[in-house]
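Undergrad: sequence and predicted structure, then a few things I'm wondering about:
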Amino acid sequence: MAQSGATDHVAPWDRQTHVAALRSADVDVLVVGGGASGAGVALDALSRGLTVALVDRQDFMAGTSSRSTKLIHGGVRYLEQAVKSFDVGKYQLVKEALAERKRMLNMAPHLAWPLTLITPVKGWLGIPYYYVGLWLYERLSGSERLGKAGIESKSSIQRACPTLKLDQLKGGVSYMDGQFDDARFGVSMVRSAIEQGAHALNYTSVDELIKDDHGRVCGAHCTDHIGGEALTINARVVVNCTGPWTDHLRHMADPDAESLMSVSSGIHVAFDKDMLPEGHGILVPETDDGRVLFILPWLGKTIVGTTDQQAELTDDPVATDEEIDYIIKHVNEWLDESLSREEISATYSGLRPLVKQPGAESTSQLSRDHVILNENGLMTLTGGKWTTWRRMAEDLMDQLVAANPELQAGACGTHDLRLPGADGDKQAAEAAIKGLPDDIAAHLWEAYGDRAHVVLKQGTTDRLVANLPYIQAELNWAVSYEGACLIDDILYRRMRVGMLDEAGTNALRSEAEAALKAA
Ligand SMILES: Cc1cc2nc3c(=O)[nH]c(=O)nc-3n(C[C@H](O)[C@H](O)[C@H](O)COP(=O)(O)OP(=O)(O)OC[C@H]3O[C@@H](n4cnc5c(N)ncnc54)[C@H](O)[C@@H]3O)c2cc1C
């Protein structure tokens, strides 16, 4: 697999070059949708030597992929279901996801890291129950294991989360999973694809699919909503990675296609207060209505989530009062010091692409939690989870290559991929951030890894807003090197302040606006 280039020479992300290349293009694979699935398919196709175009109607990662719980996990819940129902398929799924968990941590250690999670337990029997389950979860990871499951005393739980109601607990069980910066990880995947030769455009919608004389999908008419241009992209195969919008694209190809998708919303609530001084997360094992809740440290704040509510499909889902109340009510049942609405620093909502049972004639893989379809040349990849993007893309591309032998594609080469920021000059980056205020240095490393020194060359280290670690150089970097077109691209998916801190976001808005005007 081509690596992203261990050098100071990082080429700008020049939108006009990509527009020019895609104005009238001919590629092997056109990927529609620049979330985790689409960026993953683009990387996989490139690793097999194919030419790739990737378009998204919104910003890259603006869909579900920037709105997750930020866990890289095998799914403890899945394992519980697998054991209870003797379901070998589900067990296999957890095992595969745990292997992918380790790969993601290796791919970009600055954007993905191990996290200790503690499950507080109310009944004595719960302790052996959760311990055995979490021990099995660790064992399933084999050599990819991140740490050992352990039994936690009430005092260690109190140290991890001093506001938990201790008197109702018997103890707890700890285990390890991964955590990541979902949007930055995804933008880095797109950046990596570009560095490997893909053409990628955000704010470019597929409006109509092109079909050949046999009715087979062979490209798309698109609109670049920034420049207002019409683009025609011819492709040997078009891949539908539109997440919650999967049916829209399928219906462009065939208005009579059976609808597959429904969506449910999941929200998260961010709090300024430091509830987790040791940096461990809490997995609340059961709410009244049988769900799990996470209380997680993330980029200096605490996030609590999530919900699961039938929802309408929309580009910009927002947390409703009802959903916020749900989170506060259920988390407070576990806390001595109740959280209040006034302490919320931000909320965000994401839509789960849920897949109904597809028709019997489809090529879907029901043993997995993702679904692959091949309908008249339009291949669809949907469902699954962030953690398994690489495996999902590999599965899709294996089927795509088998169905299109004329492409003469090689084997998948993403197993040992390293993303930008994890393949460069670590020493140069460390030297460049040395001497900066601690919070700025830590932020630069966590966001840009071993490209931090290149980011610093784009401007000054002046803080954009007092008390926040974001600096002026980052604005130029986001616009010129990370494909940001609009203010929210910077605030929500390059800097992440939008997901966490509404007041900080408002304070930064005018600075981001100025950077975009100057670009
Ligand atoms: C609340 C919540 C929490 C989650 N937490 C986790 C977690 O902790 N760990 C985990 O592993 N997974 C998690 N997931 C699941 C994970 O986030 C999703 O599986 C994943 O992000 C889906 O990615 P996607 O690329 O399929 O879809 P999306 O990210 O939604 O991408 C689809 C893209 O297609 C684009 N698009 C749509 N129509 C068009 C068109 N006509 N032309 C061009 N572009 C188009 C959209 O703009 C969008 O950007 C969570 C999901 C939710 C909802």
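TA: Structure's in. What do you need?
Undergrad: residue of the stretch 401-519 of the chain closest to the ligand, please.
TA: Relative to the ligand, the nearest point of the stretch 401-519 of the chain is residue 493 (10.4 Å; C-beta to the nearest ligand atom). For glycine as for every other residue, the C-beta is placed from the backbone atoms N, C-alpha and C.
Undergrad: am I right that that residue falls within a helix?
TA: Yes - judged by DSSP: H, G, I helix; E, B strand; the rest coil, residue 493 forms part of a helix.
Undergrad: state the pLDDT value of the closest residue in space to it that isn't next to it in sequence.
TA: Excluding its sequence neighbours, the residue lying closest to residue 493 (C-beta to C-beta, 6 or more residues apart in numbering) is residue 183, at 4.1 Å. We have a pLDDT of 98 for residue 183.
Undergrad: what of residue 8?
TA: pLDDT at residue 8 comes out at 66.
Undergrad: what helix or strand does residue 351 sit in?
TA: If you go by DSSP states H and E, residue 351 is part of strand 344-355.
Undergrad: downstream of that strand, the next helix or strand is which one?
TA: strand 370-375.
Undergrad: now do the phi/psi pair for the nearest residue to residue 88 once chain neighbours are set aside.
TA: Among residues not flanking residue 88 along the chain, residue 82 sits closest, at 7.6 Å (C-beta to C-beta, 6+ apart). Phi and psi for residue 82, reported as degrees, to the nearest 10, are phi -60, psi -40.
Undergrad: and residue 82, how far from residue 330?
TA: Residue 82 sits 26 Å away from residue 330, going by C-beta to C-beta, to the nearest Å.
Undergrad: ok, the two, which is more surrounded?
TA: Between residue 82 and residue 330, residue 82 has the larger neighbour count (other C-beta atoms under 10 Å), namely 21 against 18.
Undergrad: how close does the more buried one get to the ligand?
TA: Distance of residue 82 to the ligand, given as C-beta to the nearest ligand atom, to the nearest Å: 17 Å.
Undergrad: for the residue lying closest to residue 225 once chain neighbours are set aside, what are its contacts?
TA: With C-beta to C-beta, 6+ apart as the criterion, residue 225 has its nearest non-adjacent residue at 4.4 Å, and that residue is residue 203. Residue 203 makes contacts with 56-59, 224-226, 485-486, as judged by C-beta atoms under 8 Å, 6 or more residues apart in numbering.
Undergrad: separate out the buried members of these.
TA: 56-59, 224, 485-486 (16 or more other C-beta atoms under 10 Å).
Undergrad: partners of residue 373 in the sheet?
TA: residue 380 (DSSP bridges).
Undergrad: mind pulling up the pLDDT for it?
TA: 96.
Undergrad: what's the neighbour count on residue 438?
TA: Neighbours around residue 438, by other C-beta under 10 Å: 9.
Undergrad: strands of the stretch 351-500 of the chain, residue ranges please.
TA: Assigned by DSSP state E, counting those that start in this stretch, the strands in the stretch 351-500 of the chain fall at 370-375, 378-383.
Undergrad: mean neighbour count, those strands: which tops it?
TA: strand 378-383 (a mean of 27; mean count of other C-beta atoms under 10 Å).
Undergrad: could you check the angle strand 370-375 makes with it?
TA: Relative orientation of strand 378-383 with respect to strand 370-375: 170 degrees, computed using axes from the mean of the first three to the mean of the last three C-alpha atoms, to 10 degrees.
Undergrad: low-confidence stretches in this protein?
TA: Applying pLDDT under 70 to the chain picks out residues 1-8, 357-368.
Undergrad: number of nearby residues for residue 472?
TA: Neighbour tally, residue 472, other C-beta under 10 Å: 17.
Undergrad: for it, which residues are in contact?
TA: Contacts of residue 472 (C-beta under 8 Å, 6+ apart): 459-462, 464, 511.
Undergrad: with adjacent residues omitted, what lies nearest to residue 433?
TA: Using C-beta to C-beta, 6+ apart, the nearest residue to residue 433 is residue 441, at 4.2 Å.
Undergrad: so the one you found makes contact with residue 431?
TA: No - proximity of residue 441 to residue 431 does not meet the contact threshold set by C-beta atoms under 8 Å, at 11.2 Å.
Undergrad: and the two? which has more neighbours close in?
TA: Between residue 441 and residue 431, counted using other C-beta under 10 Å, residue 441 has the larger neighbour count: 18 against 12.
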